[in-house]
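Engineer: Here you go, sequence then predicted model.
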Amino acid sequence: MANKVAFITGASRGIGKVCAFELAEAGFDIAISARTVKEGEEREHSSTLKASDTSPLPGSLESTLAELRSHKVQAMAVQADLLDPASLGAAVTKVLERWGRIDVIVHNGRYIGPGHMDKLMDTPIDLIRKQIEANAIAPLIINQLAMPSMIENGGGAIINITSSSGYSDPPKAAGEGGWSLGYGMSKGAMHRISGILKGELGRHGIRFFSVQPGFISTERIKQDMAKFGFDASRGAPCDVPAKVVRYLATNPEAARYDGKNVEAQQLCHELGLLPGWAGPGSGNGETGGLRYDMSGFNMHRIAMGEKFTDVYGTQAWQD
């Protein structure tokens, strides 16, 4: 019987790369996509319009694919750009032509480029549009093309790598330890996908998860982000969200999280998915002074007449 197939975007480095290794170890055949095919490619990856940075980032599809060969599974790489719908369609088509199925999708890729760390008044609206296109629309394009295969094969899992920026306010302004409006808006849009699609497609056996990784020490964080107030030494390893992705994709007990947001660092530590890791706070303090937006949840509790104390210590109730 053929292996199940996992398709991972943004797998040339970072979380996506380690997710590919974890799912390969779990027995999936692996399809990876990204823009960077070969090591040393130069591409603009500055997060601000105020400076340019085309220095090569470590990682590529070729290097990830080479490492995947040590696993006893098949693997393929397909170049794709989240801002190029045609390339996304071609990537999914190539995977389906080779294996005839896609069982798990990990939407890890995101917009990389200017505007990510720029304040609104310094940002052309087109750059905000690009972040929404790459971070929220591109996953839907892939889903529409791949989900018929999932339905035909009795189900699957779609895992969205989200961000706390989608439901919390930054501790500081963009470029000073916080993030841009475009990034938060786009991740906020992505954050809504899982629950809504569960309602539409859950009856076909497709599960939808949002995975909020927290601050992770990726190659790009180490190379690029210190100048914007992000200390890579405080981040958790990429293995943390990757272990959670593997758990959600393979463990029947993960059904309890279907349609929900998963805080990866907390769940990884709670379930002991990464032995030896000390847990949230050992690197990044997880919330790091962020204020999560609990307004919708709290207003529901008030409407239901429930007295409670929220995460900020504020007491509320329905009179």
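Structural biologist: Arrived safely.
Engineer: Every contact and neighbour count from this point should use C-alpha atoms.
Structural biologist: Noted.
Engineer: what's the burial count for Ala66?
Structural biologist: Look at Ala66: counted by other CA atoms under 10 Å, it has 12 neighbours.
Engineer: Let me see the confidence value for it.
Structural biologist: For Ala66, the model assigns a pLDDT of 95.
Engineer: Ser163 too?
Structural biologist: pLDDT at Ser163 comes out at 94.
Engineer: Distance of it relative to Val262?
Structural biologist: With distances taken as CA to CA, to the nearest Å, Ser163 is found 10 Å from Val262.
Engineer: likewise Tyr247?
Structural biologist: Plainly put, Tyr247 is 12 Å away from Val262 if you go by CA to CA.
Engineer: which one of those two has more residues nearby?
Structural biologist: Val262 (22 against 19).
Engineer: tell me what the helix or strand containing that one is packed against?
Structural biologist: Using DSSP states H and E, Val262 maps to strand 261-263. If you count contacts as 3 or more CA pairs under 8 Å, 6 or more residues apart in numbering; DSSP states H and E, strand 261-263 packs onto strand 206-212.
Engineer: Just checking: what are the partner strands of the strand it packs on?
Structural biologist: strand 156-161 (parallel), strand 261-263 (parallel) (DSSP bridges).
Engineer: Just send those back as CSV, with distance to Ala77 too.
Structural biologist: Converted to CSV, these look like this (distance: least, CA to CA, whole Å):
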stretch, distance to Ala77
strand 156-161, 19
strand 261-263, 28
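Engineer: Among those, show the one with the smallest mean pLDDT.
Structural biologist: Among these, strand 261-263 scores lowest, with a mean of 94.
Engineer: Next, report how far that strand is displaced from the centre of its chain.
Structural biologist: 11 Å (CA atoms, centre = their mean, to the nearest Å).
Engineer: Give me the contacts around the helix or strand just after it.
Structural biologist: Beyond strand 261-263 on the C-terminal side, the first helix or strand identified by DSSP H and E is helix 264-271. By CA atoms under 8 Å, 6 or more residues apart in numbering, the surrounding residues in contact with helix 264-271 are 211-214, 236, 240-241, 243-244, 274, 277-280, 286.
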